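In: no FASTA, just this:
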């Protein structure tokens, strides 16, 4: 039914006025940092690819391990975190009709804290004081300022978490008996997971600061690694949750359909939040000092994530098929042709979703004890996270840019920019297929990761890896081209695209859909269950690691 | 009835010898995972008995108190270290454990919880919170080995696990008391 102008102004002012400019500024600032980090991280990524292929030799003042550390931290922490905050705060502002001013303040405080932290971390890496790789767990020790910088980054994230919690509470209090708009519900899931994920790494970093300063002689490496992966793997699922928010809610609108049952979407979010953190243990599946039975139990805990993931896969394909058929698609696969493949806002997240099929399957290999023995610490793992993070997550993020940034900057997505986006998506897909594909294969052949030179004096097995490493270099070069196009597109849409109105594409439920149940809003209960699952997973190994602790390790600097 | 079927499947899964042996091989998992799961299977199976024998529950558990007492007695019995030892060494005790936790604890718990008033519910809740705290304190603090089948380190782990559960109970208690429950009712 058509709304009158008056009703529209009263109930949905954003439709006419667009985004609140103050909220847009918050999101655009975070997105700016995200894409500057992407550019630097992308250049560093290509340098690594070329060095691995033996095509260049990085100078001693900027060696492979510095580049590797910076690439990992800038892309896995800074790019993803700032993009997520920019996007989720835009979602929150849209869903709640604007942010509270104190929440906006918290977002700015978070921004400042994160910038300070990132500068401290980056300076230490550039000075060659912190070549400890993205994983930064002991016994490799960085300069204390590196760890202090990380504390600032975490504090910045916490400021944003509290902002979301405050705004959610405020909305709930003023809307009793109503369910939160679905994108705001996603934001709660993301930030709760972020908060609890970062507790592990915060404890770890606080033990590492006195250790790296020399105030404490040794540290417990096992506990450090465990606390790191508490955070490290959960971070992966935070990105995934952010990506699914676009898959479930944005993609159906773009293709002209409706979203899947809100009850299921909410259940998926709740399950991802509750079950996620113990998944980190499969990163330690070949670590000594954790008993076989505990590892066995953790396989179940890690694999439990497959349940909401498969629910998402089935729900999404259902939505795609239903919409395709509504648009006139006939036959078994005719509906696929009806989907808007020429629209980058659909194409990019669609390729992202498809890549999650091999990505997820590879994840199951990593989680299984016996299969992990074959691929542990090989290039397979690098290939795995480039296909999951580099395609499933990042392409979704790229796809989001093409409507989010014009919406925030009150500009338009031109057909020309859409075409550039489509080209970018194909360049990225081909580049990543080449790079991640060859990484998977050469990993199975034994090529180790995190090593600048793997010629091993010309040994015949090592020589057999070289052709694959050349393919890394080709893939990495294509990916840098993709990064450049994407960064150009982002800043063009931010500052130069023609002014105009861009819609915030939120899908509606089906007309006959049952309303989302209110019990899903019991975040207090989900948090208690989350803590219970964490304690089930962590009490046994951590008590064992502390009470039966081996002699600790002094700080080690291998460079 | 679907629920009862799921409960039965869970029960059969839990008593499969390899599953039971695995769950019982770690003390904390024996007490804090296998036992609650057995109770949970009974909780689901209870639907079958409630539908089949409504008169029995009406006669014997009209206000929920007898059922809750039975549940508490059975649960507390299995918190005794000697009982856990017996379940590992004597097969008939293990069979009794499977039966009692499922049918004498899980089933009455389901039937009683809904019948209890809010005061009785709060008492049970506080009792369990205190029980976890005390167990945590005891299992962490005690110097000697209290189960023949488990090492002292497993005992300590169980203690920390109990404290973690106590923390969850306390958190949920606060959440329950300090949130406005009318927020969750459809207007």
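Out: Received it, and whenever you're ready, just let me know what you need. Keep in mind it's a predicted model, so treat the numbers as computed, not measured.

In: from here on, contacts and neighbour counts on C-alpha atoms
Out: Fine.

In: residues contacting residue 100?
Out: Chain wasn't specified; assuming chain A. Listed by Cα atoms under 8 Å, 6 or more residues apart in numbering or on different chains, the contact partners of residue A:100 are residue A:167.

In: Chain B was what I was after
Out: If a contact means Cα under 8 Å, 6+ apart, then residue B:100 has residue B:74 as its contacts.

In: Chain A versus that one, what's the distance?
Out: In this structure, residue B:100 and chain A are separated by 24 Å, where distance is defined by Cα to the nearest Cα, to the nearest Å.

In: Chain neighbours aside, what residue packs nearest to residue A:517?
Out: Excluding the flanking residues, the one nearest residue A:517 by Cα to Cα, 6 or more residues apart in numbering or on different chains is residue A:263, at 6.7 Å.

In: Residue A:446 now?
Out: Going by Cα to Cα, 6+ apart, residue A:446 has residue A:378 as its nearest residue, at 6.1 Å.

In: Would you mark the buried spots in the one helix or strand residue B:59 maps to?
Out: With elements delineated by DSSP states H and E, residue B:59 resides in helix B:54-60, which encompasses its position. Counting neighbours by 16 or more other Cα atoms under 10 Å in any protein chain shown, one finds that the buried residues in helix B:54-60 are residue B:57.

In: wait, what's in contact with the residue nearest to residue A:517?
Out: Taking Cα under 8 Å, 6+ apart, we find residue A:263 in contact with A:515-517.

In: Please pick the buried ones from those residues.
Out: The neighbour-count test (16+ other Cα under 10 Å) marks residue A:516 as buried among those.

In: quick one: contacts of stretch A:173-189?
Out: Contacts to stretch A:173-189, defined as Cα under 8 Å, 6+ apart, come from residues A:88-89, A:91-92, A:95-96, A:164-165, A:168, A:172, A:241-242, A:245, A:249, A:262, A:266, A:269-270, A:273, A:516-518, A:521, B:182-187.

In: The same query, at a cut-off of 6 Å, please.
Out: Applying Cα atoms under 6 Å, 6 or more residues apart in numbering or on different chains, the external contacts of stretch A:173-189 come out as A:88, A:91-92, A:95, A:518, B:183-187.

In: first vs last residue of stretch A:493-501, how far apart are they?
Out: End-to-end distance of stretch A:493-501: 13 Å, with Cα to Cα, to the nearest Å as the criterion.

In: coming back round to it: let me know the closest of the contacts of residue A:263 to residue A:84.
Out: The closest of the contacts of residue A:263 to residue A:84 turns out to be residue A:516 (Cα to Cα; 25.0 Å).

In: Now do that closest one, the pLDDT please.
Out: The predicted local distance difference test score for residue A:516 is 90.

In: which residues does it contact?
Out: A:262-263.

In: does it belong to a helix or a strand, and which?
Out: With DSSP H and E as the criterion, residue A:516 is inside neither a helix nor a strand.

In: Write out the residues of the stretch 401-550 of chain A neighbouring chain B.
Out: Contact residues, the stretch 401-550 of chain A versus chain B (Cα under 6 Å from any Cα of the partner chain): A:518, A:528, A:539-540, A:543.

In: Tell me the pLDDT of whatever residue of the stretch 251-400 of chain A ends up closest to chain B.
Out: Residue nearest to chain B within the stretch 251-400 of chain A: residue A:293 (7.6 Å; Cα to the nearest Cα). In this model, residue A:293 is scored at 83, pLDDT.

In: just residue B:185 next, same as before
Out: As predicted, residue B:185 sits at a pLDDT of 75.

In: Same question for residue A:10.
Out: pLDDT for residue A:10: 60.

In: For residue B:145, which non-adjacent residue is spatially closest?
Out: In space, and not counting its chain neighbours, residue B:145 is closest to residue B:152: 5.4 Å by Cα to Cα, 6+ apart.

In: so where's chain B shaky on pLDDT?
Out: In the prediction, chain B carries residues with pLDDT under 70 at positions B:186-187.

In: Go again with 80.
Out: Low-confidence regions of chain B, defined by pLDDT under 80, span residues B:180-187.

In: So for it, which residue is the most central one in space?
Out: When chain B is reduced to its mean C-alpha position, the closest residue under Cα atoms, centre = their mean turns out to be residue B:36, at 4.2 Å.

In: and that residue, how far is that from chain A?
Out: Computed as Cα to the nearest Cα, the residue B:36 to chain A distance reads 13 Å.

In: secondary structure element for that residue?
Out: Under the criterion of DSSP H and E, residue B:36 resides in helix B:35-52.

In: still on that earlier bit, which SSE is the residue of the stretch 251-400 of chain A closest to chain B in?
Out: helix A:292-303.

In: Now do residue A:343: how many residues are near it, please.
Out: 18 (other Cα atoms under 10 Å in any protein chain shown).

In: Spatially nearest residue to it (excluding sequence neighbours)?
Out: Per Cα to Cα, 6+ apart, closest to residue A:343 is residue A:418, 6.7 Å.

In: doesn't residue A:128 fall inside a helix?
Out: No - when the secondary structure is assigned by DSSP: H, G, I helix; E, B strand; the rest coil, residue A:128 falls in coil instead of a helix.
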